[in-house]
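Asker: Structure here, sequence nowhere to be found:
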């Protein structure tokens with residue numbers, strides 16, 4: 001192709017070699033490849049000459065050929081809304097999926113058995129209860145009777161409803177074959193036909209399976225495993241062709257597709273822009289193994305569901321990572337990743353992320369910062385440092401928690417705004433908290449700054465240095481420095497109290513502290529509560545200043561933990577104790 005083009009297909013599609021031509025190449029424009037079933041790409045897809053975008057939508061992707069988009073983007077997404085995405089190697093399974101319900105279609109002279117061989121509950125085939133014997137009278141069998149299976153009339157059909165579009169790997173049918181019971185009228189199915197539908201009305205062309213069924217002599221419960229990889233649907237119809245008057249089925253189980261994209265397949269994608277996986281209508285995203293694109297520095301993941309990776313750490317290793325998940329990230333357990341730059345957004349559900357090294361909250365693929373628009377929490381834990389270069393926000397009752405652990409250098413730098421509504425806001429660094437000029441804001445939560453959060457286990461202590469303005473609303477401020485100093489240079493506003501924990505010295509260079517009104521008040525008008533490691537415990541202190549210097553410039557104050565009072569550079573001869581004014 002000299003200009004970009006699109007390929008749309010119904011059914012399985014292979015991009016390979018035809019009449020000596022291989023793959024798809026566009027010297028200008030984009031390439032779009034779409035199929036409602038699996039797409040296999042064995043040859044190159046290339047838009048690098050014109051830096052065009054490449055978009056692939058399919059039920060599943062089998063990628064051995066390369067895709068090179070130059071500086072264009074590469075998008076891979078499921079073709080059906082609600083389809084779950086599993087990252088991992090090809091052997092990884094998406095797990096067992098159980099249909100919400102199923103119905104029988106009795107046609108011709110084939111009927112579902114009654115009594116002990118009936119299905120009064122409507123769940124015998126999928127309830128997980130396996131037969132214990134080879135007797136056809138076992139209540140876990142469902143019997144199908146057709147007095148003349150070869151007369152050309154209909155065979156029994158079962159329509160399974162999964163409640164959402166699902167990609168499948170295999171279907172397992174457990175059945176009874178007997179040469180000694182009921183005068184040889186019980187036999188294995190002759191074959192099965194499987195078809196898929198998104199609406200329950202229009203089904204795909206049936207796939208026939210014959211060799212999977214074993215009718216060799218003897219009485220046995222056997223399993224036929226049908227490979228349906230690359231197929232997806234909301235509904236699955238299993239049409240059983242009987243070979244004798246009676247067919248007995250024990251269970252019909254479904255295995256979801258695994259490895260929508262493996263790490264090896266991601267390595268086939270080359271772009272200096274970004275690789276995009278999923279869409280706003282995709283289902284939940286999970287991981288069977290770690291993925292780390294070899295030829296793309298930026299990965300963007302988008303889903304209308306959640307993103308989880310239980311048991312996989314890290315799930316993703318990439319330089320730049322953006323995740324948009326409507327229903328949360330790390331909702332079942334903390335989502336472990338390894339990225340230099342991160343941006344993420346969730347609707348409902350929590351946003352819980354851990355990184356073993358340094359991480360920057362940044363702008364990636366047009367997405368900035370960390371945002372929870374529901375009432376979910378935002379939590380980031382790093383083994384190195386955290387630099388907040390773009391806003392972090394938790395709406396509603398959601399809290400924000402930023403923590404670091406590890407050796408020297410595990411600092412937290414709030415260089416962009418961090419905001420909660422009614423939730424708490426905690427910044428806890430193993431070493432130092434060093435903030436810039438952005439605003440720390442809550443409407444009614446507790447704002448906590450904690451240095452040396454690992455209590456010296458990293459081999460160093462920590463200090464707090466905040467240039468940031470702090471807006472508490474009706475919330476309160478907690479300052480936790482076990483040993484080292486704390487310096488606040490930005491204005492603090494709000495109506496709540498201030499609590500000190502630990503023995504660190506706290507310095508307030510700010511001239512004014514804003515009050516609950518538009519006027520400003522002095523530091524002493526903020527309620528002060530001190531918590532030390534001594535037996536002195538908690539005591540409310542009203543910070544006073546020297547009456548002699550009431551009209552003098554109000555400069556630096558230093559909290560003296562030993563005496564529980566404050567000192568001013570312009571009144572160095574006076575140290576003021578709680579509830580004590582100079583000159584009285």
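Answerer: Perfect, thanks for sending it. Computed from a predicted model, the values in this text were never measured in an experiment. Residues are numbered from 1 along each chain as shown.

Asker: Specify the local secondary structure of residue 379.
Answerer: Three-state assignment for residue 379 (DSSP: H, G, I helix; E, B strand; the rest coil): strand.

Asker: State the number of residues packed around it.
Answerer: Neighbours of residue 379 under the rule other C-beta atoms under 10 Å: 24. Any C-beta I mention is one placed from the backbone N, CA and C, and that applies to glycine too.

Asker: That one and residue 464: what is the separation?
Answerer: Distance, residue 379 to residue 464, by C-beta to C-beta, to the nearest Å: 20 Å.

Asker: for the stretch 401-550 of the chain, what are the low-confidence residue spans?
Answerer: Within the stretch 401-550 of the chain, the stretches with pLDDT under 70 are 407-408, 437, 454-461, 508-550.

Asker: Tell me the gap between stretch 295-305 and the middle of its chain.
Answerer: 11 Å (C-alpha atoms, centre = their mean, to the nearest Å).

Asker: Spit out the contact partners of residue 365.
Answerer: Neighbouring residues of residue 365 by C-beta atoms under 8 Å, 6 or more residues apart in numbering: 274, 276, 298, 300, 320, 322, 343.

Asker: Residue 86 versus the first one, what's the distance?
Answerer: Right, residue 274. 21 Å.

Asker: which secondary structure element contains residue 301?
Answerer: Element membership for residue 301, per DSSP states H and E: strand 298-303.

Asker: Break down this structure into its helices, ranges please.
Answerer: 263-266 (DSSP state H).

Asker: domain parsing for it?
Answerer: The record's domain split for the chain, according to automatic domain parsing, is 1-92+258-305, 95-256, 383-584.

Asker: Tabulate the ones you listed in TSV, adding columns for mean neighbour count and distance to residue 349.
Answerer: Listed next are the domains of the chain as TSV, based on neighbours: other C-beta atoms under 10 Å; distance: least, C-beta to C-beta, whole Å:
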stretch	mean neighbour count	distance to residue 349
domain 1-92+258-305	20	10
domain 95-256	17	18
domain 383-584	18	10
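
Asker: quick one: which of the ones you listed is nearest residue 328?
Answerer: Shortest distance between residue 328 and the domains of the chain, using C-beta to C-beta, is found for domain 1-92+258-305: 8.8 Å.

Asker: for this structure, which residue is closest to the average position?
Answerer: residue 307 (2.0 Å; C-alpha atoms, centre = their mean).

Asker: partners of it in the sheet?
Answerer: residue 285, residue 329 (DSSP bridges).

Asker: Tell me how far it lies from residue 271.
Answerer: On the measure of C-beta to C-beta, residue 307 and residue 271 end up 22 Å apart.

Asker: Can you verify my assumption that residue 446 contacts residue 427?
Answerer: No: Residue 446 lies out of contact with residue 427 (C-beta atoms under 8 Å); the separation is 11.8 Å.

Asker: Tell me if I'm right that residue 368 and residue 393 touch.
Answerer: No: counting by C-beta under 8 Å, residue 368 stays clear of residue 393, with 10.5 Å between them.

Asker: returning to that earlier point: turn the domains of the chain into a markdown table, columns for distance to residue 328.
Answerer: Formatted as a markdown table, those follow (distance: least, C-beta to C-beta, whole Å):
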| stretch | distance to residue 328 |
| --- | --- |
| domain 1-92+258-305 | 9 |
| domain 95-256 | 18 |
| domain 383-584 | 11 |
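
Asker: between the ones you listed, which one is nearest to residue 358?
Answerer: Closest approach to residue 358 among the domains of the chain is made by domain 383-584 (3.7 Å; C-beta to C-beta).

Asker: so what's residue 446 bridging to?
Answerer: Beta-bridge partners, per DSSP bridges, of residue 446: residue 476.

Asker: let me fix that: residue 336
Answerer: Going by DSSP bridges, residue 336 forms beta bridges with residue 354.

Asker: can you count the residues close to it?
Answerer: There are 22 residues near residue 336, going by other C-beta under 10 Å.

Asker: OK, contacts around it?
Answerer: 309, 312-315, 353-356.

Asker: do the same with residue 355
Answerer: Residues near residue 355 by C-beta under 8 Å, 6+ apart: 314, 336-339, 342, 380-384.

Asker: With residue 398 instead?
Answerer: Here residue 398 is in contact with 350, 372, 374-378, 420-421, 423 (C-beta under 8 Å, 6+ apart).

Asker: Look up how far residue 346 lies from it.
Answerer: From residue 398 to residue 346 the distance is 10 Å (C-beta to C-beta).

Asker: what sits in contact with each of the two?
Answerer: In contact with both residue 398 and residue 346: 372, 374, 376, using C-beta under 8 Å, 6+ apart.

Asker: so of the residues you listed, which ones are in strands?
Answerer: residue 372 (DSSP state E).

Asker: Of the shared contacts of residue 398 and residue 346, which is the most crowded?
Answerer: Neighbour max across the shared contacts of residue 398 and residue 346 (other C-beta under 10 Å) = residue 372, 29 neighbours.

Asker: What is the end-to-end distance of stretch 238-254?
Answerer: 11 Å (C-alpha to C-alpha, to the nearest Å).

Asker: and it, what's its mean pLDDT?
Answerer: The average pLDDT for stretch 238-254 rounds to 89.
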